[in-house]
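Predicted model follows, preceded by the sequence.
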Amino acid sequence: MASSHRLKDLLQIQLASDSYAVLHLPFVLESLSKEDFQPSAHTQKWIARVNSLIHSKDAGAKWSGLCLAFQTAIFSKSIMLECAQGWVAAAMPLLVNQPIPTTKAAIRLLRLVFSNAMDVPEFQRQLCVPNVPKFGNALIAIAEKETNLDVNLLVIDTLAHIVSLYPSLCRPLHTALSNVALRHLNGSAPNPTPSSLVIACSHLYSVLPLTGGKVGAAGLWRKSLDDTVAFAWGAFLQVRSTYSDHVPGNMARPGPPAEDPIIGVPLALDRLRAAVQVIRDLLLAATSRSVTLPIGSLVRLCLAFLQCQRDEQLHAALDPVVRSLEDSVVPSIWMFACDLLAPLSQACQHHLAPHSPVLLSHLSYHLEQPQTPAQTLRLLTTVLSALRSGCQLHDNTLSSRLARATMPLLTVILSKRSQSGAEGDQKGSQGRSKKGKKRARGYEGDEVFKVGREIICPTTEEGDVLLAAIDVLDSLLLRTQVNPPVHSLASRLLLSIYASLPQLPPAILSPDLSLHPRLYSKLQLACAHLGIGTTSTMGKTLGFILNVSDGALGENGNISLSTEIDLLLHPRAPPLVRSLPHVEMLSLFRAEESQEETDARTNIGVGVIEERTPGRTTDVPEEFTPLVEDHVTLTRGPLMRPLEAVETTGAPPTAQEPSGTAMQIDVTPPVTCSALSAPTREPPTLSVSPEAIVHHGAEGTANQSRSPPTSLPPPPDPLPSNGAALGIRSTTTTAPPVTNALPASLPADDDDDDEPMPTIDLGSDSESE
């Protein structure tokens, strides 16, 4: 239908009568567009028909006329300026004693008229100035009498919008507006106040200081904030009546509540929720001039929330019912602290630096405790907001603690070790001979035939926890000083997840298929940040950085890789005199893993494939195995060794097959195996891929058992120039023997015949020459 004839057809068919207008209103609203209201012969007929519907005696016709007027004002500002006087005069009486749909349509039309022509002074002077106070009074009367939630939300949102646009005109209404806002912010029990209503009233209360003008707005804002903080302290002490929490000097501990605790505790909790929401909105509100922010009192309130505990002893004089009710709301108080700290860190920026260590210390403690995914997400979001708002941590102890608390949240992506192999050995060891047990061991690994697997992140919150954990870990490695063992372990963990994630189907990761590309994008950026820093790192990660910039980043369209590539191409540090293995690469070798790093890796439940528990002969991945191989492939790249680990074999590796050095999650705490040297009768044979040939011999085994276990590997060869540093295997045909990279031998099963354990000689090119 042509735009010039659409209004004509609508007037002749769909709007021919009042009943037709009500019946076909959805179709008419969907059909209209901005081009239909260009100047034409049918425009005036349309305006006349809309005015006739507004003045109709039928309630349905009035409602349809108000809706058509609202849509017309959106598409054509000139028509709105022309008809606004008549529409305001007709819609203002419809705010009272009318059906709810008609009232809501009138409120929406008047709000659009008063806010859509702020740039026309004459329109403001003639229409808005005399009618905005009347509109405000009418809305206040509706809010005081109406019980419908949708109408109350619309009225309160409209009042907040009108006050922000016309603060001077609403100054006489300040007291009435405060009563409307505080009416729903005083809590409700046993049923709490709806969250949407609390947010709307809090927003209205946060814009009321604007009515004080440019001079008095700052004072009103500070008074509102102080009153809200005092109200929050009172509600907090009511939900902690059986505890001896520290009380500020200007606060008095309230007496025992007079109401029933079943009513009193939920009521105080609802008041505390409303107070926290008001403080959030006040911190984010716009002010005409600078204001003084009471950082100390807000930090004390946050610390009081975070220091709540549930494990205190119950005295005989206390009511156990009240204590149990107060214990049940402690997790909610922790979340209130997170809701308060995020806007506080954004508002204070670097002014919060003196208080950041103690706040982040409490947050790290809560991250270390078992929490629900929703609570973990709130804690991570708060930590990330504090780190990004200019928080400087000069002590590496706290930043390392945060990193150690965050890394276990990411290990769910890595493959897991199954205990079924060990359990099967224990069950089958009774009543069998040695030969029978050896024969039965060949049929282990029933997990290979599993066609299903549990989803890693079944809920949206768990997926968001992974994204937030990567952001927190990336910010810690970039913005703070982390201990070298923790930094190395975090780097290896990110690289291992980045290498294994492409082999993981998106449907296994989460029902939300968009989580996989978002997670991969964040991992790419975090791994790219690991390559920034020294001149020698540039040669290994430049191709990877360029591949990352190939449209992989950016769900928000923010690609800041130009600065990072500039750092790589133009380093701010002098080049090295000679080519030596640098610290960033050495930390990724298993031979260079210190005892502190090993302990940190064990504490977060991450192991490597080569670690085996005494008495176990299989390490069967319980979950999805990306590649199924019958051989071992060794690569010479420095970053490949800790990353290929996640590509576990489909068949369970036996004691005669050495495995890579990949990171895995230990379902049970790993047991450290002491290296035992056992004489071998003849060198075992090993089936390898054409890409790598491993030489074994009796002499090499003996030398390996005598050599120290911490000798450094040789400088790694450069990666291919095409930039595929983390996903493509090396094309080297032979791998010369290298000693001292792995333990000489592992403890064999006591029930087995004296079969030698396999060894791998991993030597440098210089030694072979």
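Thanks, I have it.

outside of stretch 151-171, which residues touch it?
100, 103-104, 107-108, 111, 114-115, 118, 128-129, 132-133, 135-136, 139-140, 142-143, 146, 177, 180-181, 184, 196-197, 200-201, 203-204, 207-208, 210-213 (C-beta atoms under 8 Å, 6 or more residues apart in numbering). (Each C-beta comes from the backbone N, C-alpha and C, glycine too.)

oh sorry, the question was meant for stretch 11-18
Contacts of stretch 11-18 (C-beta under 8 Å, 6+ apart): 20-21, 24, 27-28, 42, 45-46, 49, 53, 56, 58, 60-61, 64.

now, which of those residues sits nearest Arg323?
Gly60 (57.6 Å; C-beta to C-beta).

same for the longest helix along the chain, what does it pack against?
Longest helix of the chain, by residue count under DSSP state H: helix 213-238. Applying 3 or more C-beta pairs under 8 Å, 6 or more residues apart in numbering; DSSP states H and E, we find helix 213-238 packed against helix 261-284, helix 295-306.

what helices or strands is the helix or strand just after the last one leaning on?
Read that as helix 295-306. Using DSSP states H and E, the next helix or strand after helix 295-306 towards the C-terminus is helix 320-328. Helix 320-328 is packed against helix 261-284, with contacts defined by 3+ C-beta pairs under 8 Å, 6+ apart.

what angle separates the longest helix of the chain from helix 320-328?
130 degrees (axes from the mean of the first three to the mean of the last three C-alpha atoms, to 10 degrees).

mean confidence score for helix 213-238?
Per-region confidence: helix 213-238 scores 92 on mean pLDDT.

returning to what we had before: just the helices and strands packed on helix 213-238: most buried one?
helix 261-284 (a mean of 22; mean count of other C-beta atoms under 10 Å).

and that one with helix 320-328, angle?
30 degrees.

same for helix 261-284, what does it pack against?
So helix 261-284, by 3+ C-beta pairs under 8 Å, 6+ apart, packs with helix 195-207, helix 213-238, helix 320-328, helix 330-348.

contacts for the last one?
Judged by C-beta under 8 Å, 6+ apart, the contacts made with helix 330-348 from elsewhere in the structure are 236, 239, 269, 272-273, 276-277, 279-280, 283-284, 293, 295, 298-299, 301-302, 305-306, 308-310, 352, 359, 363, 366, 375, 378-379, 381-382, 385-386, 389, 391.

re earlier: go through the longest helix of the chain and flag the buried ones.
Going by neighbour count (16 or more other C-beta atoms under 10 Å), the buried part of helix 213-238 is 217-218, 220-222, 224-225, 228-229, 231-238.

hmm, back to that, Gly605 is nearest to which of the helices and strands packed on helix 261-284?
helix 330-348 (24.0 Å).

Tell me which helix or strand comes right after that closest one.
Heading C-terminal from helix 330-348 (DSSP H and E), you reach helix 356-368.

Now do the helix or strand that comes right after that following helix against helix 330-348: the angle between them, please.
Downstream of helix 356-368, the next assigned helix or strand under DSSP H and E is helix 373-388. Per the same axes, to 10 degrees, the angle that helix 373-388 makes with helix 330-348 is 20 degrees.

Quick one: list the elements packing against helix 373-388.
Using 3+ C-beta pairs under 8 Å, 6+ apart: helix 373-388 touches helix 330-348, helix 356-368, helix 460-479.

Turn these into CSV, columns for mean neighbour count and distance to Ala403.
As requested, the helices and strands packed on helix 373-388 are exported to CSV (neighbours: other C-beta atoms under 10 Å; distance: least, C-beta to C-beta, whole Å):
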stretch, mean neighbour count, distance to Ala403
helix 330-348, 21, 19
helix 356-368, 19, 9
helix 460-479, 21, 5
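
TSV please, covering the ones you listed and showing distance to Ala89 and mean pLDDT.
Below are the helices and strands packed on helix 373-388 laid out as TSV (distance: least, C-beta to C-beta, whole Å; pLDDT from 0 to 100):
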stretch	distance to Ala89	mean pLDDT
helix 330-348	42	93
helix 356-368	56	93
helix 460-479	49	92
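
Can you convert the ones you listed into TSV and add a column each for distance to Ser488?
Formatted as TSV, the helices and strands packed on helix 373-388 follow (distance: least, C-beta to C-beta, whole Å):
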stretch	distance to Ser488
helix 330-348	29
helix 356-368	20
helix 460-479	11
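
Of all the residues in the helix or strand harbouring Glu82, which ones are buried?
Using DSSP H and E, the element containing Glu82 is helix 77-91. Neighbour-count burial for helix 77-91, counted by 16+ other C-beta under 10 Å, picks out Ile79, Met80, Leu81, Cys83, Ala84, Trp87, Val88, Ala90, Ala91.

Quick check: the second one vs Ser510, distance?
In this view, Met80 and Ser510 are 47 Å apart by C-beta to C-beta, to the nearest Å.

again, but for Gly219
Gly219 is 50 Å from Ser510, by C-beta to C-beta.

so what's the nearest residue to Leu267 once chain neighbours are set aside up against?
Leaving aside its sequence neighbours, Leu267 sits nearest to Ala189 (C-beta to C-beta, 6 or more residues apart in numbering; 3.7 Å). Ala189 sits next to Ile263, Gly264, Pro266, Leu267, Asp270 when contact means C-beta under 8 Å, 6+ apart.

re earlier: same for the helix holding Glu82, what does it pack against?
helix 43-54, helix 59-75, helix 100-115.

for the record, mean pLDDT for the second one?
The average of the pLDDT scores along helix 59-75 is 93.

next one: the first one
Summarised as a single mean, pLDDT over helix 43-54 is 91.

Export it to CSV, keeping only CA atoms.
Presented in CSV, the C-alpha positions along helix 43-54 are these (Å, rounded to 0.1, in the frame of the first residue of the first chain):
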residue,chain,number,x,y,z
THR,A,43,-3.7,14.6,7.2
GLN,A,44,-6.4,17.0,8.4
LYS,A,45,-9.0,14.3,8.0
TRP,A,46,-6.9,12.0,10.1
ILE,A,47,-6.5,14.7,12.8
ALA,A,48,-10.3,15.3,12.9
ARG,A,49,-11.0,11.6,13.2
VAL,A,50,-8.6,11.2,16.1
ASN,A,51,-10.1,14.2,17.9
SER,A,52,-13.6,12.8,17.4
LEU,A,53,-12.6,9.5,18.9
ILE,A,54,-11.0,11.2,22.0
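
how about low-confidence regions in the stretch 151-300 of the chain?
249-252, 254-258 (pLDDT under 70).
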